[in-house]
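J.: Have a look at this prediction, sequence included:
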Amino acid sequence: MPLPTPFRLLLALSLVALSAGAALAANVRVESLNGVARVTLEGSFVGARYTVNRALADGSGLTLVGERDALCTGDCYVLDQDALVGATYQYTFDVTGSTGTTRFGPFDVTIGGRAAHGLALAPSPNPLRDRGTVRVTAAIPAGARAGNASAATNLPGEVTLVDPSGRVLRTLWKGTLDRLTFDVPVVAQDSRGQQLPAGLYFVVLRAGEHRSIARVAVVR
């Protein structure tokens with residue numbers, strides 16, 4: 001037997017309210033992608049546009065992270081290149097869909113992983129046009145792996161060239177950190193030999209669970 005119109009309307013409004021409540025109850029998760037914090041808004045928002053802002057733990061210092069009004073093609077996420085390991089931030093996702101803009105957050109997020117002690121990267125020249133070097137300083141004792149600082153083996157590491165979205169464009173060096181300082185050649189090309197467009201990129205040094213990041217600008 002069909003429900004009377006007022007009951008049908010009440011049921012529809014209740015379902016909308018439940019749906020909105022489920023969306024507003026979304027949460028975030030944080031992962032490490034090539035040593036960079038990846039903060040993801042949980043839920044289904046495919047086709048929506050979103051903007052992510054980060055503030056300090058007390059709510060001050062609001063900063064745009066990533067692209068404004070990015071298209072959500074799967075997960076709504078942002079790669080936060082400047083997030084410090086061990087620090088707590090507040091992340092806010094503003095998601096715009098067919099019914100308007102909804103704010104999710106702020107969410108308190110503590111960045112996990114292990115801070116880089118004694119690691120440094122110095123690209124030269126910077127800006128980079130075609131070729132240059134990256135000076136790697138790795139003042140970490142050999143064998144300083146997590147939970148076993150007395151291991152006899154040297155710390156494994158790699159240096160990669162990464163675009164602003166966190167995608168690895170080229171592996172510049174991979175091996176063991178058996179020297180405190182050394183130079184790694186860098187070319188403004190991806191792994192296929194294609195010339196990189198002018199813009200901002202990142203050089204990422206990973207040594208076991210440690211990491212260090214340096215910005216490098218490519219000019220044409």
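T.: Ah, there it is. Residues are numbered from 1 along each chain as shown.
J.: What residues are bridge-paired with residue 76?
T.: Assessed by DSSP bridges, residue 76 has beta-bridge partners residue 41.
J.: surely it meets residue 94?
T.: No. The criterion here is Cβ atoms under 8 Å, and residue 76 misses it with residue 94 at 10.2 Å. C-beta coordinates here come from the backbone N, C-alpha and C atoms, glycine included.
J.: which residues are in contact with both of those two?
T.: Taking Cβ atoms under 8 Å, 6 or more residues apart in numbering as the contact rule, residue 76 and residue 94 both touch residue 50.
J.: what about the strands in this protein?
T.: Assigned by DSSP state E, the strands in the chain fall at 28-33, 36-41, 49-56, 63-71, 76-80, 88-97, 100-110, 119-124, 131-138, 156-162, 168-176, 181-187, 199-207, 210-218.
J.: quick revisit: with neighbour numbers in mind, choose between residue 76 and residue 94.
T.: For residue 76 and residue 94, the more surrounded residue by other Cβ atoms under 10 Å is residue 76, and the numbers stand at 26 against 16.
J.: For this protein, which helix or strand comes out least confident on mean pLDDT?
T.: helix 5-24 (a mean of 37; mean pLDDT, DSSP states H and E).
J.: For this structure, which residues score under the pLDDT cut-off?
T.: Applying pLDDT under 70 to the chain flags the ranges 1-25, 33-35, 84-86, 113-118, 138-154, 178-180, 208-209.
J.: Chain neighbours aside, what residue packs nearest to the spatially most central residue of it?
T.: Most central in the chain under Cα atoms, centre = their mean is residue 79, positioned 2.1 Å from the mean C-alpha point. The shortest distance from residue 79 to any non-neighbouring residue, by Cβ to Cβ, 6 or more residues apart in numbering, is to residue 166 (4.0 Å).
J.: what's the neighbour count on that neighbour?
T.: 20.
J.: Next: the one 3 residues further on.
T.: A total of 18 residues lie near residue 169 under the criterion other Cβ under 10 Å.
J.: go on, residue 52?
T.: Per other Cβ under 10 Å, the neighbour tally for residue 52 reads 26.
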